[in-house]
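1. here is my input, please return the structure:
(one chain, ligands or ions: 1)
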Amino acid sequence: MIQIDALTKRYGRFTAVDNVTFTAEPGRVTGFLGPNGAGKSTTMRILVGLTDPSSGSAHLLGRHFSQLPNPGREVGVLLDASAQHGGRTGREILTLAARTMGLPKSSVAETLERVSLTEEEAGRRVRNYSLGMRQRLGIATALIGDPEVLILDEPANGLDPAGIRWMRDLLRGFADDGGTVLLSSHLLHEIEVIADDIVVIGNGRIVAQGTKQELLASGETYARSSDPTSLGRALQRAGHTAEITTEGAVRSDADLTTVGQIAFDAGLVLSELRAADGAGLEEMFLQLTAETQRDHLQTPEGKAA
Ligand SMILES: Nc1ncnc2c1ncn2[C@@H]1O[C@H](COP(=O)(O)OP(=O)(O)OP(=O)(O)O)[C@@H](O)[C@H]1O
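-> Just a heads-up that it's a prediction; the model follows:
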């Protein structure tokens, strides 16, 4: 489990991470979303002891990273897949990691297979690897010690669609086995598909967090009735919004119980009553971080929003 509490990092007068608090739970994949420069990497670097915070704390499995007796056996980390030594082969890098952690030699071949790097690829020098191969090797280095926690900064970067699906299945399996996963990404769709919990950060501050379901819920209700006009009027008389959709249903800001009660009181039969679909995580992400976006959002008319 990962606990970040009131974490702040200042560089001179600039605040890169501003009072950030969240947890990543075992058995769940937590997605850390934010535009460039939002503070994701800084938070992750503090978590693994590479950067000191100005204030606040970051704990893994109840301890500071530096207090973990054999960190690689407890926490798998991938911060920068390009940081590996280009002159070494993939197999050499994994062999060194295995030796440092006191793992048997067999763990190298097992992990290579787990990340689908072939024997021939494992024998090539890393400087000749594609970005996707570097990501696989980075994930292999994170996994080799069979840790309980995975911390991955943009792990989908450079992976092709099949690679992204592979990574998604791998992380899902890791969490289903009780592991804790924290991954950052700009790939909103990937986060939407894989994450159970989502933390959205902009300008160093958390702008939204919760379960995927909570964040994707629109807070509105969708109801179908044989007489949508009467239902809409009854809702409006009770002080709620009511919009008749193109398919003849009613969308309202009233909650499910209220819509059901108002329909009942008006003698209207409902054939469908459910939470209305949200606009999707991408829309939410763009809205929440609009102020911090470098590129202003464009309206359909082409004007900056
Ligand atoms: N050593 C440093 N000195 C000064 N400023 C820094 C330093 N490290 C990071 N920053 C600044 O802190 C802010 C947050 O950077 P960070 O790398 O954490 O963002 P990020 O969300 O990971 O972005 P990206 O998605 O682009 O990697 C940026 O404005 C960055 O320029």
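2. what residues does the closest residue to Arg28 other than its chain neighbours make contact with?
-> Counting by Cβ to Cβ, 6 or more residues apart in numbering, Arg28 lies nearest to Asp196, which is 4.2 Å off, once chain neighbours are set aside. Placement of C-beta: from N, CA and C, glycine included. Residues in contact with Asp196, defined by Cβ atoms under 8 Å, 6 or more residues apart in numbering, are 28-30, 175, 211-212.
3. most neighbours of all the residues you listed, which one?
-> If you count neighbours using other Cβ atoms under 10 Å, the busiest of those is Val29, which has 25 neighbours.
4. gap between that residue and Ile194?
-> Counting by Cβ to Cβ, to the nearest Å, the gap from Val29 to Ile194 is 6 Å.
5. which residues are common contacts for the two?
-> 171-172, 183.
6. ok, and the most crowded of those residues?
-> Within the shared contacts of Val29 and Ile194, Leu183 tops the neighbour count with 27 neighbours, counted by other Cβ under 10 Å.
7. that one belongs to a helix?
-> No - if the criterion is DSSP: H, G, I helix; E, B strand; the rest coil, then Leu183 is strand and not within a helix.
8. report the beta-bridge partners for the nearest residue to it once chain neighbours are set aside.
-> Distances taken as Cβ to Cβ, 6+ apart put Leu152 closest to Leu183, at 4.4 Å, once the chain neighbours are dropped. Applying DSSP bridges to Leu152 gives these bridge partners: Leu78, Leu183.
9. tell me how many other residues crowd Leu152.
-> Leu152: 24 surrounding residues under other Cβ under 10 Å.
10. next: Arg45.
-> Neighbours of Arg45 (other Cβ under 10 Å): 21.
11. now do Pro69
-> If you count neighbours by other Cβ under 10 Å, Pro69 ends up with 7.
12. just to be sure, it is in a strand?
-> No - under the criterion used here (three-state DSSP), Pro69 is coil, not part of a strand.
13. I'd like the shared contacts of Val29 and Ile194 laid out as a markdown table, including pLDDT.
-> Below are the shared contacts of Val29 and Ile194 laid out as a markdown table (pLDDT from 0 to 100):
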| residue | pLDDT |
| --- | --- |
| Leu171 | 93 |
| Arg172 | 93 |
| Leu183 | 94 |
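14. pick out whichever of the contacts of Asp196 sits closest to the ligand.
-> The nearest member of the contacts of Asp196 to the ligand, counting by Cβ to the nearest ligand atom, is Thr30 at 15.3 Å.
15. find the residue closest to the closest one in space, skipping its chain neighbours.
-> Spatial nearest neighbour of Thr30, excluding adjacent residues (Cβ to Cβ, 6+ apart): Ala24 at 3.8 Å.
16. need the pLDDT of the residue in the stretch 151-300 of the chain that the ligand sits nearest to.
-> Using Cβ to the nearest ligand atom, the closest approach of the stretch 151-300 of the chain to the ligand is made by His186 at 6.3 Å. Note for His186: predicted pLDDT of 76.
17. now it. Its backbone dihedrals?
-> For His186, the backbone dihedrals (degrees, to the nearest 10) come out as phi -100, psi -10.
18. now name the helix or strand holding the residue located most distally from the centre of the chain.
-> Most distant from the centre of the chain: Gly267, at 44.9 Å, with distances by Cα atoms, centre = their mean. Using DSSP states H and E, Gly267 falls within no helix or strand.
19. distance check, it against Ala234.
-> For Gly267 relative to Ala234 (Cβ to Cβ), the value is 10 Å.
20. and what of Glu25?
-> With Cβ to Cβ as the criterion, Glu25 and Ala234 are 42 Å apart.
21. looking at those two, which has the bigger crowd around it?
-> Legend: neighbour count by other Cβ under 10 Å for Glu25 and Ala234, higher for Ala234 (21 against 15).
22. how about the host helix or strand of the more buried one: buried residues?
-> Assigned by DSSP H and E, Ala234 belongs to helix 228-237. Using 16 or more other Cβ atoms under 10 Å as the test for burial, helix 228-237 gives 228, 231-232, 234-235.
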